[in-house]
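*Asks:* Return atomic coordinates for the entry below.
(chains A and B)
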Amino acid sequence: MSPRKSISALAAAAAPGLVLERSEAVPALIGRHEDFLFISGLGGTACDVGAVAGDGAHVYSLGGAMGAACMMGLGLALARPDKRVLVVTGDGELLMSLGALAAIAVVNPPNLAILCVDNGHYGETGWQKSHTSLGADLEKIASGAGIKRTRTVATEADIADGARLLREGNGTSFVNLRVKPTEPAEFKRNFDASFCRDRFRAALQ
Amino acid sequence: MDAAVDSKSRTGWQHELYDLLRRSGITQFCYVPDAGHSILIDRSLADPDVHSIALTTEEEGVALIAGADLGGARAVLLMQSSGVGNCINMLSLIKGGRFPFLTLVSMRGDFGEGNPWQFPMGQATQPVLEAMDVICLRAERPEDVIPTVSAALTMAFKSGKAVAVLLTQRLIGAKPF
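*Replies:* From the prediction side, this is the model:
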């Protein structure tokens, strides 16, 4: 086992209440990836989306600019009301941009959904606990920010309802997916932000 | 209110500026509320053909602009110079992705400023923007505004550059204390 994996295994052992694996739960929530335009965060969520959608033109993944994902999703959703936009972000990135939830709630575009893959840790930097391991509840924060359609998905039984919420409805939805602090699916993503911009725009013409 | 910015008659450079932005295809106006931009903000709120997005902090607008561009739309960020400091790391997205970027910055800590707290960021605004590769154009007089913003629109949306127009306190007036 690599040192990275062994640290994540220790973190997972310390969080016995969490049962879902992100590598299984994220694909189950997304379903048919062709139905969405994706904005993903950096790190783990870029791999989560890449494992489902591949290195596709309908995906824009961050490699930095932490905190950008939700507001990029808002700009894209407003620009393309004919498409469904799914932001896939992590607890660490979302904690850095909580105000965006309030900004999005006011506009409330029906074609925008946010999926937060909440593993309670900063996986990229050595598995330090995030605030969601220490008391913060991102679904309550999203709800308190004014987003009306929110769910926490923490068990298999919650997935069908969460998947429906990401695809349907007359306002922006938010799903907080509580997963074990284990590694995301392996995916080698493209770090050329300008190439990915051009590819995304060209495919949308 | 200054007769030159009478909002009822829709005269004055602020109204001309709004009309210019609309003619140039801007459909998303995002902002942290600011007195210097109040006419643009009010016009965008009253305009059924645009999205008017109130931000909680300015860097949200940087990300919004990039997302709008991915979808083929044009957005503008309206902010005060103090907000420029909040945007620095988020401008990595604009530079790395070579996203077109237009912001209108109402200056504080500048010509005739009476609040000493405004000087640190006001004086750092242009160097900070330039450090992140945002080109700065300054408008000092009412007759500068339309030609300067026209130039910025061309640079942003024809050449794909990141451009800030600094609306100086000489133009918008220093807040009296």
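
*Asks:* Quick check: residues of chain B near chain A?
*Replies:* Chain B comes close to chain A at residues B:27-28, B:51, B:53-57, B:59-73, B:75, B:89-90, B:92-93, B:96-99, as judged by Cβ under 8 Å from any Cβ of the partner chain. (Each C-beta comes from the backbone N, C-alpha and C, glycine too.)

*Asks:* Quick check, pLDDT for residue 100.
*Replies:* Since no chain was named, I'll use chain A. The score at A:A100 is 98. That number is its pLDDT.

*Asks:* hm, I was asking about chain B
*Replies:* Confidence score, pLDDT, at B:P100: 98.

*Asks:* mind listing what it touches?
*Replies:* B:69, B:74, B:156-157, B:160-162 (Cβ atoms under 8 Å, 6 or more residues apart in numbering or on different chains).

*Asks:* Also B:V145?
*Replies:* Neighbouring residues of B:V145 by Cβ under 8 Å, 6+ apart: B:13, B:16-17, B:139, B:167, B:171.

*Asks:* For chain B, which segments count as helices?
*Replies:* Shown for chain B, the helices assigned by DSSP state H span residues B:13-23, B:38-46, B:59-70, B:81-84, B:91-97, B:119-131, B:142-157, B:169-172.

*Asks:* Quick check: which of these is buried the most?
*Replies:* Comparing those by mean neighbour count (mean count of other Cβ atoms under 10 Å in any protein chain shown), helix B:59-70 ranks first with a mean of 29.

*Asks:* Can you pull the residues of chain A lying near chain B?
*Replies:* Contact residues (Cβ under 8 Å from any Cβ) of chain A with chain B: A:37, A:39, A:60, A:62-80, A:83, A:97, A:99-100, A:102-103, A:106-107, A:193-194, A:196-197, A:200-201, A:204-205.

*Asks:* Which ones among those residues lie within helices?
*Replies:* Residues of the residues of chain A next to chain B located in helices (DSSP H): A:69-79, A:99-100, A:102-103, A:106-107, A:193-194, A:196-197, A:200-201, A:204.

*Asks:* For the spatially most central residue of chain A, give me the pLDDT.
*Replies:* The geometric centre of chain A, computed from its C-alpha atoms, lies nearest to A:V88 (Cα atoms, centre = their mean), at 2.2 Å. The predicted local confidence for A:V88 comes out at a pLDDT of 98.

*Asks:* Give me the helices and strands touching the host helix or strand of it, please.
*Replies:* For A:V88, the element it lies in under DSSP states H and E is strand A:84-90. Packed against strand A:84-90 by the contact rule (3 or more Cβ pairs under 8 Å, 6 or more residues apart in numbering or on different chains; DSSP states H and E) you find strand A:36-40, helix A:44-53, helix A:69-79, strand A:112-118.

*Asks:* Surely A:C47 and A:F187 touch.
*Replies:* Yes: in this structure A:C47 lies within contact range of A:F187 using Cβ atoms under 8 Å: 4.2 Å.
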